[in-house]
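[1] any chance you could fold what I've pasted below:
(one chain, ligands or ions: 1)
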Amino acid sequence: MVFDEIIKKRNSCRCYLPEPIDDETIKQIVEAGRLAPSAKNTQPWKFVCIKTNYDNPINSKKIASIMSDYYIKNKDNPEKIKGASSLYATSKIIEDCPAIILVFTDSDYINRDKMESISDILSIGSCVEHMVLKATDLGLGTLWIADTYFIHKELAEYIQSELIKKQINFVLEKNRLVCAMALGKRGEPFYERPRKSIDDILLILNN
Ligand SMILES: Cc1cc2nc3c(=O)[nH]c(=O)nc-3n(C[C@H](O)[C@H](O)[C@H](O)COP(=O)(O)O)c2cc1C
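    Predicted coordinates:
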């Protein structure tokens, strides 16, 4: 696909076909993220890809249930659920999703100097966008997910403990889950969400 076409063909996909995504495809997508720019070239990202495979204790359904359990438990607590209205709906999308790429950072972006925090988050944004566009180029659907925010600690701890059980040495100890990307063959037609007009968002000053 040519670049403009990739941009136009990307939208948020919220329904996926139950067809597995092979490791080679996942590597191609993360490779596109790996090449993204980052402030001072810090590359403040690390990824764990989770699949639907129910033989594996770390699978999409388990991730979805951590999200939906949090929502159900806290739905009457306005403080805990503030901004989380889409958490349950997002968990349902994840449930049978063939692959989810969890995006971690070792940047302590909440406590660190403000400029560094913003730079790290911008860098991660550019990395995820590279991956989203690469997946589109490969004909796959994606959903960029920030709803993991509400259960970032639970998810990170759960994954780290499962990796330890499996004796997989992939250190996430100081890492924080920033967001996730659902990935798979599209199970719904493409539709375009409305956008602000170019005149509403751009001012060109020529003199
Ligand atoms: C940083 C970020 C976080 C997002 N988080 C979620 C999410 O948690 N759940 C969800 O359903 N959509 C999520 N979205 C998708 C947006 O709702 C979507 O991009 C927006 O409505 C525009 O629609 P489009 O992507 O189809 O063009 C997220 C998008 C971005 C960029």
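
[2] could you use CA atoms for every contact and neighbour count after this?
    Fine.

[3] now do the buried residues in stretch 4-23.
    For stretch 4-23, a neighbour-count test (16 or more other Cα atoms under 10 Å) marks Ile6, Lys9, Arg10, Asn11, Ser12, Cys13, Arg14, Cys15, Tyr16, Ile21 as buried.

[4] go on, stretch 120-130?
    Buried-residue list, stretch 120-130, by 16+ other Cα under 10 Å: Asp120, Ile121, Ser123, Ile124, Gly125, Ser126, Cys127, Val128, Glu129, His130.

[5] host element of the last one?
    This points to His130. helix 114-137 (DSSP states H and E).

[6] okay, and the beta partners of the residue nearest the centre of the chain?
    By Cα atoms, centre = their mean, the chain has its centre lying nearest to Ala180, at 1.8 Å. Taking DSSP bridges as the rule, Ala180 bridges to Leu102, Ile145.

[7] give the contact list for it.
    Shown in contact with Ala180 (Cα atoms under 8 Å, 6 or more residues apart in numbering): Ile100, Ile101, Leu102, Val103, Trp144, Ile145, Ala146, Thr148.

[8] check these against the ligand, which are close?
    Subset of these in contact with the ligand: Trp144, Ile145, Ala146, counting by Cα under 6 Å from any ligand atom.

[9] in the protein, which spans are strands?
    Here the chain has its strands, by DSSP state E, at 46-51, 99-105, 141-145, 176-184.

[10] mind putting these in TSV, distance to Lys75 and mean pLDDT included?
    TSV is the format used below for the strands of the chain (distance: least, Cα to Cα, whole Å; pLDDT from 0 to 100):
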stretch	distance to Lys75	mean pLDDT
strand 46-51	27	95
strand 99-105	24	96
strand 141-145	20	98
strand 176-184	21	96
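
[11] below-threshold pLDDT in this protein: ranges please.
    Low-confidence regions of the chain, defined by pLDDT under 70, span residues 173.

[12] quick check: residues of this protein near the ligand?
    Applying Cα under 6 Å from any ligand atom, we find that the chain lies next to the ligand at Asn11, Ser12, Thr90, Trp144, Ile145, Ala146, Asp147, Arg193.

[13] and if we set it to 8 Å?
    10-14, 86-87, 89-90, 93, 125, 143-148, 179, 191-194 (Cα under 8 Å from any ligand atom).

[14] among those residues, which ones are in helices?
    Mapping these onto helices (DSSP state H) picks out Leu87, Ala89, Thr90, Ile93, Gly125.

[15] of those, which is the most crowded?
    Ranked by neighbour count (other Cα atoms under 10 Å), those have Leu87 at the top, with 23 neighbours.

[16] show me what contacts it?
    With contact set as Cα under 8 Å, 6+ apart, Leu87 has these partners: Met67, Ser68, Tyr71, Asp147, Thr148.
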